[in-house]
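Enquirer: here are the coordinates; sequence isn't available:
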């Protein structure tokens, strides 16, 4: 019954195949068998070049030119003025002593955010993955629960938590019913910083838990069986077997979470807007506001800040990869 | 085979020629519009009449968020792209991209007569600039709203015209305490809103040459008072301290849900309050409180501007001419419940559709207040780089409120930020 249909489809398929085969054969004849790979790579290279490399390249031009004009031809060359303005500081630990105090506040906040967010997130993700790797009741349900926030849009995450944390929000309503004093969570600087770290961990730890869980499940069971036969304690099993074998996965998690933490923006922008004052202002928001939200738009300064940020990220990533390689070779 | 290819080629060329011919005779104008209420909808309705009067010209109204007018539109315009027209508030800042439609309007002198005062806000491209670049479709005035019911419940008399900021603050605080209302006062997190009280405290903002001197004794005096009010809870701290950078934040929600006694905002909130408050409580617009420098708010508003890069300047000019028409403005303003910028309509008044008594009274109060605003307030609104002053004020004063900077440091930084921004914009 279906024979005519399948025959027709196979003819169509062959016709389409031949349509592409002839020109491809001609191209292969021109390039040779070795270089044909470049033809397949070309579309991706073009997209990558246009939307990734070209903007990076242009960023150098913006970073070394001044004024509020967007067209490069209208922007005067200022050399390293934007970089020196960003780096002009009497004491790097005191943003108020810097020419660009807000940039340095953003640097300080970002550094603390990265250390706290990445550190605690990896710790919580590891503990969660270890628990979810065991035979606990409702394991599938809990795996979904921990992964669920990852599926939410960052704006939704921020709005949910804003609803919880605002002065007349859910959290303060709960505190009030217990007779406890209410706190202006997003107006007190220290609390606001605590909450951006907390919300960020809540939103992203499911993703890293999943990766670590996959890493834990890849560890062969017979290694654990041998340790059990040798009478190794649980701590010894964890420190001498689980952690070393999980280390390659941990490096991946560390690199990914670190890069993501430095690039944190959307949730925090919606939740606190960088405030109170600049207590939760991170580097990416500084770049965005300098380049786009403030008037006049200082594209050169924003480009210089983004290049500095990229340089720091690159160094951190290389250090981590080197450390991981050294451990692997050791 | 060859003849078939030839025929296909001729057909394609004919289609291209036909489409280019039709695009030469017909123009589609793109209008990027933001709205606080129903402004864009009201204009879209009026444009049907314009299209009927000008066959071949259509107007596509793209309703966009205010944020994209403030942040994305300048980028588009700087690169020679973007809509043919847009509804904007940064008149001086965008004036460099605007099209002078004087050659395309029927009666430039009449437009000058009806909109001269606000046309001046876009004439910043040179000392002899007399161009017509944008037509205001809404005049605004900043000023306070008061929850009258709370005053009545508290048994506190509302301060009258000529009352000072301190008197209003004391009264609002008394009302808040008596009625257990969370916030006595709030001021929108905006440098535009801040400028009114600062001028009332004596801030001059500009020197004799018209160059900015943001921080002077008057500005400092209001800043000291404002920071102190944030610290002692007279002013809702969340509004300014609850955000970072120069992000705009209002307290309209707090006012509409009855959590705020006195709200310093502006006339554009009237329609929203009429709709959202309903008969939940009585509210009134009151004259701007006074300080040593006077009792002023800041004028402002939204204008529909034409842009240089348009491919249809004549049609755009005709559209602006249509937008400026008294009858058209009256129809739009009746729906949007805004104060007219058109001089004739300011005298005649607008018959607002479905406006409550509170809305009508508030529109009258703000309309009357405009006439008494300080000349500095008009100068500030018309200053090309006023956004630089506004951004620096919001960012730095917030830092002083939350304790990141002392007030002296914050004020020094305001001066430095404004100086740098003005230099960059030269």
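Expert: Sure thing, it's come through. Fair warning: this is a prediction, and the values are worked out from it, not measured in the lab.
Enquirer: tally of neighbours for residue 252?
Expert: Since you didn't name a chain, this refers to chain A. Residue A:252 has 16 neighbouring residues, counting by other C-beta atoms under 10 Å in any protein chain shown. For the C-beta atoms, the positions are set from N, CA and C on the backbone; glycine is no exception.
Enquirer: the chain in question should be chain B.
Expert: Neighbour count for residue B:252, taken as other C-beta under 10 Å: 19.
Enquirer: how about residue A:7?
Expert: As a burial measure, residue A:7 scores 10 neighbours (other C-beta under 10 Å).
Enquirer: and it, how far from chain B?
Expert: Residue A:7 sits 29 Å away from chain B, going by C-beta to the nearest C-beta, to the nearest Å.
Enquirer: how about residue B:59, phi and psi?
Expert: Dihedral pair for residue B:59: phi -120, psi 120, per degrees, to the nearest 10.
Enquirer: do the same with residue B:235
Expert: Torsion angles at residue B:235 (phi, psi; degrees, to the nearest 10) stand at phi -110, psi 140.
Enquirer: let me see the contact set for it.
Expert: Applying C-beta atoms under 8 Å, 6 or more residues apart in numbering or on different chains, we find residue B:235 in contact with B:183, B:184, B:185, B:186, B:187, B:226, B:229.
Enquirer: which residues of chain B score low on pLDDT?
Expert: Chain B contains residues with pLDDT under 70 at B:1-25, B:426.
Enquirer: let me see the contact set for residue 147.
Expert: All of this is about chain A. Here residue A:147 is in contact with A:206, A:207, A:209, A:210 (C-beta under 8 Å, 6+ apart).
Enquirer: wrong one, chain B
Expert: Contact partners of residue B:147, counting by C-beta under 8 Å, 6+ apart, are B:181, B:255, B:258, B:260, B:261, B:262, B:281, B:282, B:283.
Enquirer: can you do 6 Å?
Expert: Each residue near residue B:147 by C-beta atoms under 6 Å, 6 or more residues apart in numbering or on different chains is listed here: B:261, B:281, B:283.
Enquirer: residue B:85 versus the residue of the stretch 101-250 of chain A found nearest chain B, what's the distance?
Expert: Taking C-beta to the nearest C-beta as the measure, the point where the stretch 101-250 of chain A comes nearest chain B is residue A:187, at 4.9 Å. Between residue A:187 and residue B:85 the computed distance is 40 Å (C-beta to C-beta, to the nearest Å).
Enquirer: what of residue B:158?
Expert: In this view, residue B:158 and residue B:85 are 43 Å apart by C-beta to C-beta.
Enquirer: what's in contact with stretch A:107-125?
Expert: Outside stretch A:107-125, the residues that touch it by C-beta under 6 Å, 6+ apart are A:197, A:200-201, A:205, A:208-209, A:212, A:257-258, A:261-262, A:281-283.
Enquirer: ranges for the strands of the stretch 51-200 of chain A?
Expert: For the stretch 51-200 of chain A, no strands are identified by DSSP state E, counting those that start in this stretch.
Enquirer: now the helices: where do they sit in the stretch 301-426 of chain B?
Expert: Counting by DSSP state H, counting those that start in this stretch, the stretch 301-426 of chain B has helices at residues B:313-324, B:326-336, B:343-348, B:357-371, B:375-382, B:386-402, B:407-424.
Enquirer: deepest of the ones you listed, which one?
Expert: Here the criterion is mean neighbour count by mean count of other C-beta atoms under 10 Å in any protein chain shown, and of those the winner is helix B:386-402, at a mean of 25.
Enquirer: mind checking which helix or strand the residue of the stretch 151-300 of chain A found nearest chain B is in?
Expert: Closest residue of the stretch 151-300 of chain A to chain B, C-beta to the nearest C-beta: residue A:274 (2.7 Å). Taking DSSP states H and E as the definition, residue A:274 sits outside all helices and strands.
Enquirer: that one contacts residue A:283, doesn't it?
Expert: No - contact criterion C-beta atoms under 6 Å: residue A:274 and residue A:283 do not qualify, at 10.8 Å.
Enquirer: more neighbours: these two, which one.
Expert: More crowded of residue A:274 and residue A:283, by other C-beta under 10 Å: residue A:274, with 30 against 24.
Enquirer: which residues touch residue 82?
Expert: All of this is about chain A. A:63, A:300, A:301, A:304.
Enquirer: nope, chain B
Expert: Counting by C-beta under 6 Å, 6+ apart, residue B:82 makes contact with residue B:76.
Enquirer: correct me, but residue A:101 touches residue A:95?
Expert: Yes - taking contacts as C-beta under 6 Å, residue A:101 lies within contact range of residue A:95: 4.5 Å.
Enquirer: burial measure for the closest residue to chain A within the stretch 51-200 of chain B, as a count.
Expert: Here the stretch 51-200 of chain B gets closest to chain A at one residue, residue B:78, 4.1 Å apart by C-beta to the nearest C-beta. Neighbourhood size, residue B:78 [other C-beta under 10 Å]: 19.
Enquirer: what are the phi and psi angles of it?
Expert: phi -60, psi -30.
Enquirer: wait, doesn't it sit right on residue A:68?
Expert: No - counting by C-beta under 6 Å, residue B:78 stays clear of residue A:68, with 8.5 Å between them.
Enquirer: and the closest residue to chain B within the stretch 51-200 of chain A, how many neighbours does it have?
Expert: Residue of the stretch 51-200 of chain A nearest chain B, by C-beta to the nearest C-beta: residue A:70 (4.1 Å). Counted with other C-beta under 10 Å, the neighbours of residue A:70 add up to 17.
Enquirer: just to check, it is in contact with residue B:78?
Expert: Yes - shown here, residue A:70 and residue B:78 form a contact pair, counting by C-beta under 6 Å, at 4.1 Å.
Enquirer: just to revisit the earlier point, could I get the helices of the stretch 301-426 of chain B as JSON lines with distance to chain A?
Expert: Listed next are the helices of the stretch 301-426 of chain B as JSON lines, based on distance: least, C-beta to the nearest C-beta, whole Å:
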{"stretch": "helix B:313-324", "distance to chain A": "22"}
{"stretch": "helix B:326-336", "distance to chain A": "26"}
{"stretch": "helix B:343-348", "distance to chain A": "30"}
{"stretch": "helix B:357-371", "distance to chain A": "25"}
{"stretch": "helix B:375-382", "distance to chain A": "15"}
{"stretch": "helix B:386-402", "distance to chain A": "4"}
{"stretch": "helix B:407-424", "distance to chain A": "5"}
